[in-house]
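1. Dropping a prediction and its sequence here:
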Amino acid sequence: MTNQRSFKTRVRTRMEKTGESYTAARRHLINKAAAPATEVPAAPSPASAAAQTERITDDLIRARTGRGWDEWFALLDAVGATERTHTQIARHLVVEHEVPGWWAQTITVGYEQVRGLRAPGQRRGGGFEASVSRTVAVPATRLFAAFADETVRARWLPDVEVRVRTATAPRSFRADWAGGPTRIVVGVDAVGESKARVAVLHEKLTAAEQAAELKAYWRERLTALKALLESNGDHR
């Protein structure tokens, strides 16, 4: 919530300086955040990025995957996961333990952070990313369509160029963001027949500050998406 308020404050500050509309000022700040940084990336602070194990409770990870954080970490230690790549760890969880793809990625990131292989908000090989998730009281198909359908997407994600790379209904959506080089990876996970969870990963970022700004932005946008869909504002 603090990051979201901070982002809105920056938008209003720019409005006062430039005389721009709220939409124009916000678009400028979004594009600035998505542009490559020219300075050396700084290490993320606790205020800018939370560890995976802090964002996702042990009870939730157990409910979705059958084991808690410590149990998964012990299993991964036993197979020497610290010597494996991110992809190899995630694939092991999917193939050997039948963990759904999105949750396999979640466990892998949590493991890498706890074992010191990456900092919160940072990718295993360097660089940064921002991730935000939201549970929305609509079926997974409608939640997916809010990303894949250009008309619906424009109602809650305006003024941004999104170039679709792949879209696999109703589970995954990948797109270049604002002309690149950053991109978004979206996963949709059904939670019963009338509720679904969406997770947005904004990747290929180059600095912790950039990741923090985009995290605040996505919190705001997913809140807007949730309000639109739950009020039947997409006319579906």
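-> Happy to help now that I have it.

2. and the residue lying closest to residue 195 once chain neighbours are set aside, what is it in contact with?
-> Spatial nearest neighbour of residue 195, excluding adjacent residues (C-beta to C-beta, 6 or more residues apart in numbering): residue 137 at 5.3 Å. All C-beta atoms are positioned from the backbone trio N, CA, C, and that covers glycine. Going by C-beta atoms under 8 Å, 6 or more residues apart in numbering, residue 137 touches 194, 195, 229, 230.

3. Quick one: list the elements packing against the longest helix along the chain.
-> Longest helix in the chain, counting residues (DSSP state H): helix 208-230. Contact here means 3 or more C-beta pairs under 8 Å, 6 or more residues apart in numbering; DSSP states H and E; on that basis helix 208-230 packs against helix 2-18, helix 22-34, strand 128-136, helix 140-148, helix 150-156, strand 196-205.

4. could you give me the average pLDDT of the second one?
-> Looking back up the chat, that one is helix 22-34. What helix 22-34 shows for mean pLDDT is 66.

5. Following the chain onward from that helix, which element is next?
-> Going down the chain from helix 22-34, the next helix or strand is helix 52-55, by DSSP states H and E.

6. and that following helix, which residues are buried?
-> Buried residues in helix 52-55, defined by neighbour count with 16 or more other C-beta atoms under 10 Å: 52, 53, 55.

7. what do you get for stretch 66-84?
-> Neighbour counts over stretch 66-84 (16+ other C-beta under 10 Å) mark 67, 68, 69, 72, 73, 75, 76, 81, 84 as buried.

8. just how off-centre is it within its chain?
-> With C-alpha atoms, centre = their mean, to the nearest Å as the basis, stretch 66-84 stands 23 Å off its chain's centre.

9. before we move on, what about stretch 175-193?
-> Counting by C-alpha atoms, centre = their mean, stretch 175-193 comes out at 8 Å from the chain centroid.

10. end-to-end on it?
-> This stretch, stretch 175-193, spans 27 Å end to end (C-alpha to C-alpha, to the nearest Å).

11. How about stretch 199-216?
-> Stretch 199-216 has an end-to-end distance of 14 Å (criterion: C-alpha to C-alpha).

12. what do you get for stretch 64-72?
-> Using C-alpha to C-alpha, the end-to-end distance of stretch 64-72 comes to 13 Å.

13. Equivalent analysis for stretch 149-160, please.
-> Chord length of stretch 149-160, first to last residue, is 14 Å (C-alpha to C-alpha).

14. Now do the buried residues in it.
-> For stretch 149-160, the neighbour count (16+ other C-beta under 10 Å) marks 152, 153, 155, 156, 157, 160 as buried.

15. Out of those, flag the one nearest to residue 13.
-> Among these, residue 160 lies closest to residue 13 (C-beta to C-beta), at 20.7 Å.

16. Name the nearest residue to the closest one, sequence neighbours excluded.
-> Leaving out its chain neighbours, the residue that sits closest to residue 160 by C-beta to C-beta, 6+ apart is residue 178, at 5.7 Å.

17. Give me the distance between the nearest residue to residue 199 once chain neighbours are set aside and residue 75.
-> In this structure, residue 199 finds its nearest non-sequential neighbour in residue 133, 4.0 Å apart by C-beta to C-beta, 6+ apart. From residue 133 over to residue 75 the distance is 24 Å, taken as C-beta to C-beta, to the nearest Å.

18. How about residue 113?
-> Counting by C-beta to C-beta - residue 113 and residue 75 are separated by 17 Å.

19. so where does residue 77 fall, helix or strand?
-> Secondary structure assigned from DSSP H and E places residue 77 in helix 69-78.
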